[in-house]
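Asks: my questions concern the predicted model and sequence given below.
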Amino acid sequence: MNTEQQIQSFRDTYAALRAEVGKVIVGNTEIVDGTLIAMLAGGHVLLEGVPGLGKTLLVRTLSQVLHLTFNRIQFTPDLMPADILGTNIVMEVPGGGREFRFQKGPIFAHLLLADEINRATPKTQSALLEAMQEHSVTAGGEIRKLEEPFFVLATQNPIDQEGTYPLPEAQLDRFFFKLIVGYPTNADLNEVLTRTTENRKVEINTVVNREQMIELQHLVRQVPVASHVRDYAVRLVLATHPKTETAAPIANQYLRFGSSPRGAQSMLLAAKVRALTQGRFNASFEDIQAVVLPTLRHRCILNFEAEAEDVTTDLVIAQILRDVPRDAVEVAA
Amino acid sequence: MSELNIIVSTLAKTAARRRLERGFRRLWQGLFIGASAWLLFLAAYKLAPIPVEFVLYSWLLIPLAALIGFIWGYSRPMSVDETARWVDSKVKLQERVSTALEVARDERAAEWKNLIVSDAAKSVSALKPKDLLPFTLPKASRWALVILILGVGLGFVPEYRSKASQQARQDKEAIQQTGRELAKLTKRNLQARPPAIETTKKSLLEMEELGNHLAKAQLTRGEALKELSSLTEKLKEQTRELAKDPAIRNLERASRNGSKSGTPSAEMQQKLDNMAKQLGAQAANSEAMEKMKQDLQKAKDMAANLPKGDSPEAKQAQDQMKASLADLQKQAKDLGLDLPSLSEAIAAMQQAQPDQVLKDLQVAEVELEKMEQMAKALEKMQLDMQKLGKDLAEQLKNGQAEAAESTLRKMAQAAKNAQTSPEQMEKMMKEVSEALDAAKQYGEVGEQMKQAMKNMQAGKKGEAGENLQNAANELSKMMGELGDAQSLLASLESLQQAAMCLANGQGFGEGMGGKGAGQGRKTGKSQSGVGTWADENSWEYPEMVDSWDNTGIERPDIDGKGVSDKGDGQLADNLAPTKIKGQLTPGGPMPSITMKGVSIKGTSKVQVEEMAAAAQSDAQAALNQDQVPRAYQNAVRNYFDDLKE
């Protein structure tokens, strides 16, 4: 298959995925698109929203649409790292002997749903760090590679903060996207009610298998990005760095820390996926602008002043988008 | 053409168009900036006393700024890459074109390159640079137009000037005018009479230079007065130096005490004869002519009121008229005057044409007036002839240096001439010996004459002639020095007059009498208010102008007449002002001197008439002795003549 055919296949697959997910998930197109973009770029997604908005359902549907192994971990305060990663246990071997054998934890799957991730202790949350970045697990002095593709789709609840542990910055940075799940619209809610309160069975088809997924991810990385578009992503990220020459005024005012280079990487990869889904062969400024919020919102840390004034990272990033010109060279005139 | 070539070609055309369009846009922006700057200059000129040249030349900023704007906009080159990005942004091609250009240069991804270039070529092929960049007037053009209109409107707004700045401007104008006049006057004097002494020439050139300096340099009144005063002092010093020479002093004194005329008697006699020939034998009698003029005037009045018809009264009047005309003709004949108009008037009277008679009499009156003036001049010349010395002694005594020089030269010539008889030599010796006493006061002239006398007595005619020639030369040199001294005095007078004019805030040219009298010259404001009262004294008290200036006051009963424009034409002779009350010379400045005096109490013991006669006698003496400056002599004479009445 040549590149053009691969690109066409990508578009078809994406459309099929959207269609299959759409059979179950009503509305929330941005969330579905965001999740699919992150997965096609090989990234993890943090879904944040109040209970009952379909976060878990989305992930479960995706696991059905994608022909991948799926595990779900319900994070609780007493969850231990070994409960996620697995542990060495003594096993009787034929012949009456005993030996330590590694019992794989739920992390050993292609798609991991980390439900209510912020309810586990930081120690347990940190168990995911290596897996998310290196796609490997170190246990019992042995590094075990996770099978590709590997995705962590985590959910967290912004309310009911009693007994929760906010994710550490290092952990947050490993999420490709942070998507905020909002309330459904009137039409969407009506549709949800119709679908869930009647005896209607939805047949979900598998669209993509493991190998296809890996191919799609490779294709994404081939999409060319013009230097000035890449420079725009860089300038956006640099603008989030407070107290630097490149910082936007609002970053100096409200941010304690800006985005890491992972933010720029995520932005560019997401832009490439978006360009392909839009039927283009190149990433544009528009693509960058479309993905800047989910890529940067969890990577920017607000300062006390912002907290006091109820300023959100979304607001800061929106202002940075306005402040940073698309092209460093003045070409409008 | 490959797809990449299509892209590059379209972008190159677009880049050229963009360059032109940017030049066009910058041109209007430049125009706007230039117009704004011009407006600012104009506003500044209206509010502050900056030189008018700023405004006159500031409009050049408009085309200049527009040109600079165009050059600035057009000169910056545009690359294809930059234009690709601009096209992406303008047509919303989502970076297709710019990415295609970039990827086309990358050899690594051939398949992607083809895809992207092909995609971009599709987008670009439909583009037309003219549609993308139409030449429309930018916003700056509208604003530029608004500013230009504002500027033109502002041009009609009168300037605000403080009294101090107005005064400074007037001073500047006065100084420059004074400088010009001074330079012109000195140049004219130098051309008319080149100085005999080098130092005088230098001083006069310095004066001319000062005039030019005043005309060109930006000086304050104080500085100009200082410079004038400095040169005045220098000229005074030089005049004093010249006056130290006793011979010059004697010549000057002798000249002052004696007759003004230095013209040799022979020349004068010739002029006298010519005039007498023109007038006739008896015509020199100006009193008789005056009487005839009065009779002519009466006849003219009679002719004007001559009744018409055949009534006895008319007939009687016509007879009287005829008699009067006959009498006039007789007077003219007695005086030897040739008045053809009078004869024509008599002929017209015979033919009963009273209108023609009147016209002829008017012509005759004019002719008679001219003849009367000639007669007066003749009388004056005769008087001067009487005063002229008969021989060398008298000429030297009277200070008639020119005549004396002429006589000495004739004598020298005669002495050198071998054919001169001993009788003639004897006569010449006698004349020289009689003149020796008078010649003593002329220093070297006297010495040369004494030497000539000795040589003549010794029979050395040639040496005597040489001595006499030397004496004449010496006299001529002394006259030159005297002339220089007079030139210096005249220059001094001009300098003092210029200083006085400047001190009064007037230009020297105005002081020389540029405008007619009675037109209400004002130094401050040029307009006149209600009525036609002349503001003749405003130069004296400029700070008090406001108290009587009624400019701007509107009265329903009387409209402001303003200054009457008499035009540039010459006034008729009989309308030319001869005396202006309060002014010594028409149009000239009137110096004012405040004198502190002690009032004399008691009753006068003399009659007013006696006092007037005494004053008139003193004035006449002062005039005769040249104690009154030439410029004021007529005014002084007229004033004291008025005392008679």
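Replies: Nice, thanks for sending it over. Numbers count the residues shown, from 1 in each chain, chains lettered A, B, ... in the order given.

Asks: from here on, contacts and neighbour counts on C-alpha atoms
Replies: Will do.

Asks: name the nearest residue to residue 35, ignoring sequence neighbours.
Replies: All of this is about chain A. Residue nearest to A:T35 in three dimensions, not counting chain neighbours: A:V45, with 6.5 Å by C-alpha to C-alpha, 6 or more residues apart in numbering or on different chains.

Asks: oops, wrong one, chain B.
Replies: B:I62 (5.3 Å).

Asks: buried ones in the helix or strand hosting the one you found, by neighbour count?
Replies: Element membership for B:I62, per DSSP states H and E: helix B:61-75. Residues of helix B:61-75 classed as buried: B:61-62, B:65-71, B:73-74 (neighbour count, 16 or more other C-alpha atoms under 10 Å in any protein chain shown).

Asks: what sits up against the next helix or strand after that helix?
Replies: For helix B:61-75, the following helix or strand on the C-terminal side (DSSP H and E) is helix B:80-91. Applying C-alpha atoms under 8 Å, 6 or more residues apart in numbering or on different chains, the contact partners of helix B:80-91 are A:331-332, B:8, B:11-12, B:14-15, B:93-98, B:101.

Asks: let's see 7 Å
Replies: With contact meaning C-alpha atoms under 7 Å, 6 or more residues apart in numbering or on different chains, helix B:80-91 is reached by A:331-332, B:11-12, B:15, B:94-98.

Asks: put the alpha carbons of stretch A:35-55 into PDB.
Replies: Output of stretch A:35-55 as PDB, limited to C-alpha atoms (Å, rounded to 0.1, in the frame of the first residue of the first chain):
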ATOM      1  CA  THR A  35      -9.400  10.500  22.800                       C
ATOM      2  CA  LEU A  36      -9.000   9.000  19.300                       C
ATOM      3  CA  ILE A  37      -6.400  11.700  18.300                       C
ATOM      4  CA  ALA A  38      -4.400  10.900  21.500                       C
ATOM      5  CA  MET A  39      -4.600   7.200  20.800                       C
ATOM      6  CA  LEU A  40      -3.500   7.500  17.200                       C
ATOM      7  CA  ALA A  41      -0.600   9.600  18.300                       C
ATOM      8  CA  GLY A  42       0.300   6.900  20.900                       C
ATOM      9  CA  GLY A  43      -0.600   9.000  23.900                       C
ATOM     10  CA  HIS A  44      -2.500   8.600  27.200                       C
ATOM     11  CA  VAL A  45      -5.600  10.500  28.100                       C
ATOM     12  CA  LEU A  46      -6.800  12.000  31.300                       C
ATOM     13  CA  LEU A  47     -10.600  12.400  31.300                       C
ATOM     14  CA  GLU A  48     -11.900  14.800  33.900                       C
ATOM     15  CA  GLY A  49     -15.600  15.200  34.600                       C
ATOM     16  CA  VAL A  50     -18.300  14.800  37.200                       C
ATOM     17  CA  PRO A  51     -19.700  11.300  37.700                       C
ATOM     18  CA  GLY A  52     -22.200   9.900  35.200                       C
ATOM     19  CA  LEU A  53     -21.000  11.700  32.100                       C
ATOM     20  CA  GLY A  54     -19.900   8.600  30.300                       C
ATOM     21  CA  LYS A  55     -16.200   8.700  30.800                       C
END
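
Asks: pull the number of nearby residues for residue 130.
Replies: I went with chain A, as the question did not name one. 14 (other C-alpha atoms under 10 Å in any protein chain shown).

Asks: my bad, the chain I had in mind was chain B
Replies: Count around B:K130 with other C-alpha under 10 Å applied: 13.

Asks: if we can go back for a sec, okay, the buried residues of helix B:61-75 in JSON lines with pLDDT next?
Replies: Listed next are these as JSON lines, based on pLDDT from 0 to 100:
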{"residue": "B:L61", "pLDDT": "88"}
{"residue": "B:I62", "pLDDT": "90"}
{"residue": "B:A65", "pLDDT": "93"}
{"residue": "B:A66", "pLDDT": "92"}
{"residue": "B:L67", "pLDDT": "93"}
{"residue": "B:I68", "pLDDT": "93"}
{"residue": "B:G69", "pLDDT": "92"}
{"residue": "B:F70", "pLDDT": "91"}
{"residue": "B:I71", "pLDDT": "92"}
{"residue": "B:G73", "pLDDT": "87"}
{"residue": "B:Y74", "pLDDT": "89"}
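
Asks: so which of those residues comes closest to B:D437?
Replies: Using C-alpha to C-alpha, B:L61 comes nearest to B:D437 of those, at 80.7 Å.

Asks: what residues sit buried inside the strand or helix carrying B:M411?
Replies: Using DSSP H and E, the element containing B:M411 is helix B:401-416. Of all the residues in helix B:401-416, those buried under the rule 16+ other C-alpha under 10 Å are B:401-416.

Asks: that older thread, just name the closest of the buried residues of helix B:61-75 to B:K216, please.
Replies: B:L61 (26.7 Å).

Asks: show me the contacts for the nearest residue to the closest one once chain neighbours are set aside.
Replies: Excluding its sequence neighbours, the residue lying closest to B:L61 (C-alpha to C-alpha, 6+ apart) is B:G34, at 5.1 Å. B:G34 is in contact with B:61-62, B:65, counting by C-alpha under 7 Å, 6+ apart.

Asks: which SS class is the residue of the stretch 301-450 of chain B found nearest chain A?
Replies: Relative to chain A, the nearest point of the stretch 301-450 of chain B is B:V366 (87.3 Å; C-alpha to the nearest C-alpha). Under DSSP: H, G, I helix; E, B strand; the rest coil, B:V366 falls in the helix class.

Asks: quick check, central residue of chain A?
Replies: A:V45 (1.8 Å; C-alpha atoms, centre = their mean).

Asks: would you mind listing the buried residues in the one helix or strand B:K201 maps to?
Replies: Taking DSSP H and E as the definition, B:K201 sits inside helix B:198-216. Of all the residues in helix B:198-216, those buried under the rule 16+ other C-alpha under 10 Å are B:200-201, B:203-205, B:207-215.

Asks: if I pick the residue in the stretch 101-250 of chain A positioned nearest to chain B, what's in contact with it?
Replies: Residue nearest to chain B within the stretch 101-250 of chain A: A:A226 (4.8 Å; C-alpha to the nearest C-alpha). A:A226 is in contact with B:98-99, B:102, counting by C-alpha under 7 Å, 6+ apart.

Asks: low-confidence stretches in the stretch 51-200 of chain A?
Replies: A:160-161 (pLDDT under 70).

Asks: which stretches of it form helices?
Replies: A:55-65, A:81-85, A:122-134, A:169-173, A:186-196 (DSSP state H, counting those that start in this stretch).

Asks: just checking, what packs against the first one?
Replies: In this case it means helix A:55-65. The helices and strands touching helix A:55-65, judged by 3 or more C-alpha pairs under 7 Å, 6 or more residues apart in numbering or on different chains; DSSP states H and E, are helix A:3-24.

Asks: the next helix or strand after the helix it packs on: which residues count as buried?
Replies: Downstream of helix A:3-24, the first helix or strand assigned by DSSP H and E is helix A:29-40. Using 16+ other C-alpha under 10 Å as the test for burial, helix A:29-40 gives A:31-40.

Asks: of those residues, closest to B:Q627?
Replies: Using C-alpha to C-alpha, the buried residues of helix A:29-40 come closest to B:Q627 at A:G34, 116.7 Å.
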